[in-house]
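J.: Just need the structure, nothing else, for what follows:
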Amino acid sequence: MDRLMQLKDLTPAASNTINTKFILVEKGRITEDGKEKTKTCIALVADETASVQFQMWGGECEAFQPGDIIRINKGIFSRHRNKLVLRAGKKGAVEKVGEFTMVFVETPNMSEMRFVPDANHPSKLVPELQIPKSVPQ
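T.: Below you'll find the predicted structure:
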């Protein structure tokens, strides 16, 4: 069994290497995507470190509901229609492993982060450092 990654450690990549577990916080409406009329749905999922937009396809849209704890194996975090989303992709798999009993946070949302090349490893992306704005006294 591969080690589970925390959502805060997600970085965009073109490979199916993400094994993680999260709770489905809220689910968007189901739409039909593309010429094949495949059902898709975007959900907000989270673990104890961060949240991320999760794209479900086909039967996954009806199979999972808010409160479900889901494990993804060989998932991918990449751009789809100019949005960063986590998804199983063609090589990955998702399964319900529990419900309602998981500590989670909704911030930061990794789908909303801006990623830049790592100064030490330009082929690797890292979240851009966000300097908080000072609060007026």
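J.: Give me the residue at the spatial middle of the protein.
T.: Among the residues of the chain, the one closest to the centroid is Leu86, at 3.4 Å (C-alpha atoms, centre = their mean).
J.: Which strand or helix spans it?
T.: Using DSSP states H and E, Leu86 sits within strand 83-87.
J.: which residues in the protein form strands?
T.: All strands of the chain, identified by DSSP state E, fall at 18-27, 31-33, 38-46, 51-57, 68-80, 83-87, 93-99, 115-117, 125-127.
J.: any chance of these in a markdown table, plus mean pLDDT?
T.: Converted to a markdown table, these look like this (pLDDT from 0 to 100):
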| stretch | mean pLDDT |
| --- | --- |
| strand 18-27 | 89 |
| strand 31-33 | 75 |
| strand 38-46 | 87 |
| strand 51-57 | 87 |
| strand 68-80 | 85 |
| strand 83-87 | 83 |
| strand 93-99 | 86 |
| strand 115-117 | 66 |
| strand 125-127 | 63 |
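J.: What distance do you get for the residue nearest to Gly89 when sequence neighbours are not counted to Thr101?
T.: Spatial nearest neighbour of Gly89, chain neighbours left out: Ile76 (4.5 Å); criterion: C-beta to C-beta, 6 or more residues apart in numbering. Using the backbone N, CA and C atoms, a C-beta is placed for each residue, glycine as well. Distance from Ile76 to Thr101, counting by C-beta to C-beta, to the nearest Å: 27 Å.
J.: now Leu7
T.: In terms of C-beta to C-beta, Leu7 sits 18 Å off from Thr101.
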